[in-house]
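Chemist: Sequence first, predicted coordinates after that:
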Amino acid sequence: MSILPPHRLDLAGHRRRNGVVPWVVYQDEDGRDRLIAAVEAADLRGRGGAGFPTAVKLRAARSKRSIVVANGCEGDPLSHKDVALLALSPHLVLDGLQLAAHAVGATETVLCVHTGSSALPSVAAALAEREDRVPVRVVEVPRRYVASEETALVRYLTSGDARPLGKHPRPAERGVRGRPTLVSNVETLAQLASVVLLGPNHYRASRTELVTVTGAVRRPGVVEVAAGTSPAGVLAAAGGEAEPVQAVLAGGAWTADLTGGWSGIATVYALPARACGLEYTAKVLAFLAAESARQCGPCTFGLPSIAADFAELVHGGPATARLARRLPLLTGRGACTHPDGAARLAASALQVFEADVRAHQAGGRCRIPAGVA
Amino acid sequence: MKVTVDPIGCRAHGLCADLLPELVRLDEWGYPVVAPGPVPAELVAEARRAAAACPALALKLRKDERR
């Protein structure tokens, strides 16, 4: 079963294509246990980026008065999969949201999308067609990069401040308005619904993932591929290379090896051979620095510093020693993993574009004319 | 026991590095970098004093293994 249909499915279409959730199987406390056991047997992992086992998260948030938050905000400008899913298959997400609510014993659910999201009309139309067990409230969240980090969502829903809260307590212990909260990406919820509709064994055998593919491919957009598809296979699903590709930015890190098996990656950007990876990375780092919530020192000061280091590298400056000292300082020291992600991106760029780093340092530029990235 | 820093609360006063140099150094922006691992028994009292002295109450001494 693919989770992304070619055209939008209304409730009748969704049921014809995907089936009806067998609620009777999952009634009562035993039913909740069976539901979580099915998720565990399916080895479902979060599709929001961290890849955390969903069954563990469900167990942690079990309570009589918990809240489930469906995260349909994509802060990463390279990602459109969640909006595509909500636009085309809103009922699969909502089935998953109801199942998650049942599993943890929630009395309230919230579906978060970006302010003015193009998925809003589809979500509203879908909700109007359904009679859900647990009410669903749709909330629009500011379009900032870190606003959709899970603790930032919890803080926003509690106080209207969309900045990350820090590592403790986790939302499952104390989340929205102090209540145990499960925050789950909308694709994860759609996958959860698929686990129930297909059964864990069938699900595992035919598991797919949504990937947003951009850059030098013939058909940029959201594709659905079998889990474990190689980067080359993902590019092929997007129509193949539109021109020679030198490396891909996959899930926030660069790789030049397009052959290996792969899972859990939500975004792929194909860098054309005629562009400079250092220049592109410098731009992304400048964006990430600008998107810091400016709460934690290593992020507030560290991200602009490494962005400046990369700008200097592009102009032939000797920033590599400084970067070697600074990058480790950005990891594990923030309230969220925003600085960790920037450091990982920068480190992967230094590795994959090592030859270009040397070329820039030797001649102030690489083989590529400036400004092509 | 472990020394941890509340990353949002910390305001880079730097007292922790003065009072507990064995475990805390400052990065180039003045924010504390804490040595990994448990606090050695002979430093627990010093660590407690440093935590109490933090003007932002961002330095903490915890019993559990949480970060």
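Modeler: Cool, the structure landed. Numbers count the residues shown, from 1 in each chain, chains lettered A, B, ... in the order given.

Chemist: all helices of chain B, in order?
Modeler: Defined through DSSP state H, the helices belonging to chain B, from first to last, are B:15-19, B:44-53.

Chemist: Kindly report the residues of chain B close to chain A.
Modeler: Residues of chain B that fall close to chain A, judged by Cβ under 8 Å from any Cβ of the partner chain: B:5-8, B:10, B:12, B:27-31, B:33, B:66-67. In short, each C-beta sits where N, CA and C put it, glycine included.

Chemist: Where does pLDDT dip in chain B?
Modeler: Applying pLDDT under 70 to chain B picks out residues B:64-67.

Chemist: how about the helices in the stretch 151-300 of chain A?
Modeler: When assigned using DSSP state H, counting those that start in this stretch, the helices of the stretch 151-300 of chain A occupy the ranges A:186-198, A:200-205, A:231-237, A:277-290, A:297-300.

Chemist: okay, those helices in CSV with mean neighbour count, distance to chain B and mean pLDDT next?
Modeler: Rendered in CSV, the data for the helices of the stretch 151-300 of chain A read as follows (neighbours: other Cβ atoms under 10 Å in any protein chain shown; distance: least, Cβ to the nearest Cβ, whole Å; pLDDT from 0 to 100):
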stretch, mean neighbour count, distance to chain B, mean pLDDT
helix A:186-198, 26, 24, 97
helix A:200-205, 15, 32, 94
helix A:231-237, 20, 33, 94
helix A:277-290, 21, 13, 96
helix A:297-300, 24, 4, 96
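
Chemist: Show me what counts as buried in stretch A:324-337.
Modeler: The neighbour-count check on stretch A:324-337 (16 or more other Cβ atoms under 10 Å in any protein chain shown) flags A:326-327, A:329-331, A:333-337 as buried.

Chemist: any idea which of those is the one closest to B:Cys16?
Modeler: Within these, distances to B:Cys16 taken as Cβ to Cβ reach their minimum at A:Arg333, with 13.8 Å.

Chemist: Could I get the pLDDT score of that closest one?
Modeler: Note for A:Arg333: predicted pLDDT of 93.

Chemist: and if you look at A:Ala172?
Modeler: As summarised for this prediction, A:Ala172 has a pLDDT of 87.

Chemist: Pretty sure A:Leu58 is one of the things it touches, is it not?
Modeler: No: in this structure, A:Ala172 is not within contact of A:Leu58 by Cβ atoms under 8 Å, at 9.1 Å.

Chemist: Which neighbours do those two have in common?
Modeler: Where contact means Cβ atoms under 8 Å, 6 or more residues apart in numbering or on different chains, the residues bridging A:Ala172 and A:Leu58 through contact with each are A:Leu182.

Chemist: Give me the spatial nearest neighbour of the residue minimising distance to the centre of chain A, chain neighbours excluded.
Modeler: Centroid-nearest residue in chain A, with Cα atoms, centre = their mean: A:Gly48, separated by 3.3 Å. Beyond its immediate neighbours in the sequence, the residue positioned closest to A:Gly48 (Cβ to Cβ, 6 or more residues apart in numbering or on different chains) is A:Asn185, lying 3.4 Å away.

Chemist: and the helices of the stretch 151-300 of chain A as JSON lines, adding distance to A:Asp28?
Modeler: Converted to JSON lines, the helices of the stretch 151-300 of chain A look like this (distance: least, Cβ to Cβ, whole Å):
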{"stretch": "helix A:186-198", "distance to A:Asp28": "16"}
{"stretch": "helix A:200-205", "distance to A:Asp28": "20"}
{"stretch": "helix A:231-237", "distance to A:Asp28": "42"}
{"stretch": "helix A:277-290", "distance to A:Asp28": "47"}
{"stretch": "helix A:297-300", "distance to A:Asp28": "46"}
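
Chemist: Who does A:Val139 form a beta bridge with?
Modeler: When bridges are taken as DSSP bridges, the partners of A:Val139 come out as A:Cys112.

Chemist: repeat for A:Arg45
Modeler: According to DSSP bridges, the residues that bridge with A:Arg45 are A:Pro53.

Chemist: so what's it up against?
Modeler: For A:Arg45, the set of contacting residues under the criterion of Cβ under 8 Å, 6+ apart consists of A:51-54, A:188, A:264.

Chemist: Now restrict the residues you listed to buried residues only.
Modeler: Counted by 16+ other Cβ under 10 Å, those give A:54, A:188 as buried.

Chemist: need the residues of chain A near chain B, please.
Modeler: Remark: the part of chain A in contact with chain B comprises A:165-168, A:295-298, A:301-302, A:326, A:329, A:332-335, using Cβ under 8 Å from any Cβ.

Chemist: swap the cut-off to 6 Å and go again
Modeler: Counting by Cβ under 6 Å from any Cβ of the partner chain, chain A comes close to chain B at A:166-168, A:295-298, A:301, A:329, A:334-335.

Chemist: among these, which two are most distant?
Modeler: Farthest-apart pair in the residues of chain A next to chain B is A:His168 and A:Phe301; separation 23.5 Å (Cβ to Cβ).

Chemist: Which of these two has more residues huddled nearby?
Modeler: A:Phe301 (21 against 14; other Cβ atoms under 10 Å in any protein chain shown).

Chemist: where's the residue sitting furthest away from the middle of chain B relative to A:Ala308, distance?
Modeler: Here chain B reaches farthest from its C-alpha mean at B:Glu28, the gap being 16.6 Å by Cα atoms, centre = their mean. Here B:Glu28 is placed at a distance of 13 Å from A:Ala308 (Cβ to Cβ, to the nearest Å).

Chemist: Nice, that's everything, thank you.
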